[in-house]
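Trainee: I'd like to go over a predicted model; first the sequence, then the structure.
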Amino acid sequence: MKSIQFIYKLIPIILLTVFATSCSNDNEDDNPTLTSEVDGLSKIQDFTNANHTIELFNKNGMFETGYNAISLRVKDNATNTYLENVSLSWMPVMQMPTMQHSCPKSNITKALGKNTIYEGFIIYQMTNADGSGWSLTVDYNINGEAYSMTETIEVMQYENQNVTSFMGSDNTRYILALIEPKNPRIAINQMKVGLFKMENMMTFPVVESYTIALDPRMPGMGNHSSPNNTDLSFNSTDGLYYGDLSLTMTGYWMLNLKLLNAEDEVLKGEDVSEQNESSSLYLELEF
Ligand SMILES: [Cu+2]
């Protein structure tokens, strides 16, 4: 009797093992634990040289203008294994008719709780209509040995203005990008924004300790606002700006903004009023 009970208890474990094994066999990778580290992510592109393949992933499987959270892993082509001790950095470059420039980007760090996944973000402030213009260089170091790969990438134009590049009254060029809400709801949403200044064509450091005043409006509905919004303030932990965004209904919202420096001087943007429908500094959101 006891042994039969034992077998019954074992059945779900046996089924689970068979299921998990058959699942991983369907996958191109032999090791099921490595495969699971990219669950929920879609491949954007592979960068390949004789030694390694760098695999780039995000949620949508493509680069778009605005904020891109990106996951990477590095495969040793000879052993077909993913490497756990790589230091990586990257440099996106857009080739324009008369010059080239980069864009805001983070460092690349090991993803929390993962063995083979590295992550960071890139904020593409523009692209060509056909997605062309950008290349990405990834420099990486394995056991003291330096490598580099450069590939052409495709950056598609996102449908709404989720990033904006503008000149402040202080003669500094800034880039402002919407990061959250990713999935807006009828509620008070956490709004998260990245603010960078264009120090030169290739360098875009984080701007600290400014304030971003927020006035969301629905232009299609008498330009009404919403209650309980808060201005965005700087968070020194992650270098991004946070505030409350109140969305009272679905549809198209214009997030009117004003950028104020640490001395509370307005660098860009205007108040919305009866006479002035919108700010010259804004982001868009539709849900
Ligand atoms: Cu450009």
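Mentor: Perfect, I can see it now.

Trainee: Leaving out chain neighbours, which residue sits closest to Asn141?
Mentor: Setting aside the residues directly before and after it, Asn141 is nearest to Ser87 in space (C-beta to C-beta, 6 or more residues apart in numbering), at 4.6 Å. Heads up, the C-betas are built off the backbone N, CA and C, glycines and all.

Trainee: Which positions in the stretch 101-250 of the chain make contact with the ion?
Mentor: Counting by C-beta under 5 Å from the ion, the positions of the stretch 101-250 of the chain adjacent to the ion are Met126.

Trainee: all helices for the stretch 101-250 of the chain, in order.
Mentor: Counting by DSSP state H, counting those that start in this stretch, no segments of the stretch 101-250 of the chain form helices.

Trainee: which residues of it fall in strands?
Mentor: For the stretch 101-250 of the chain, strands defined by DSSP state E, counting those that start in this stretch occupy the ranges 109-110, 118-124, 134-142, 145-153, 155-156, 163-167, 173-180, 187-197, 211-217, 232-235, 240-247.

Trainee: just the CA coordinates of stretch 262-270, formatted as CSV?
Mentor: Extracted in CSV, the C-alpha atoms of stretch 262-270 (Å, rounded to 0.1, in the frame of the first residue of the first chain):
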residue,chain,number,x,y,z
ALA,A,262,18.4,73.5,-9.9
GLU,A,263,17.8,77.3,-9.5
ASP,A,264,14.2,76.8,-10.7
GLU,A,265,14.8,78.7,-13.9
VAL,A,266,12.7,77.4,-16.8
LEU,A,267,14.9,76.1,-19.6
LYS,A,268,12.2,74.9,-21.9
GLY,A,269,8.4,74.7,-22.0
GLU,A,270,5.4,76.9,-21.2
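
Trainee: circling back to that earlier point, how about the strands of the stretch 101-250 of the chain in CSV, adding mean pLDDT and mean neighbour count?
Mentor: Shown next, in CSV, are these (pLDDT from 0 to 100; neighbours: other C-beta atoms under 10 Å):
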stretch, mean pLDDT, mean neighbour count
strand 109-110, 98, 14
strand 118-124, 98, 22
strand 134-142, 98, 18
strand 145-153, 98, 14
strand 155-156, 98, 20
strand 163-167, 98, 17
strand 173-180, 98, 21
strand 187-197, 98, 19
strand 211-217, 98, 21
strand 232-235, 98, 17
strand 240-247, 98, 20
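
Trainee: thinking again about what came up before, is there contact, residue-wise, from the one helix or strand the residue nearest to Asn141 maps to to the ion?
Mentor: Element membership for Ser87, per DSSP states H and E: strand 86-95. Yes: using C-beta under 5 Å from the ion, strand 86-95 reaches the ion at Met94.

Trainee: pLDDT on that strand, on average?
Mentor: Mean pLDDT, strand 86-95: 98.

Trainee: Specify the angle between it and strand 145-153 in degrees.
Mentor: If you take axes from the mean of the first three to the mean of the last three C-alpha atoms, to 10 degrees, strand 86-95 sits at 40 degrees to strand 145-153.

Trainee: Buried residues of strand 86-95, list them for me.
Mentor: Buried residues in strand 86-95, counted by 16 or more other C-beta atoms under 10 Å: 86, 88, 90-94.
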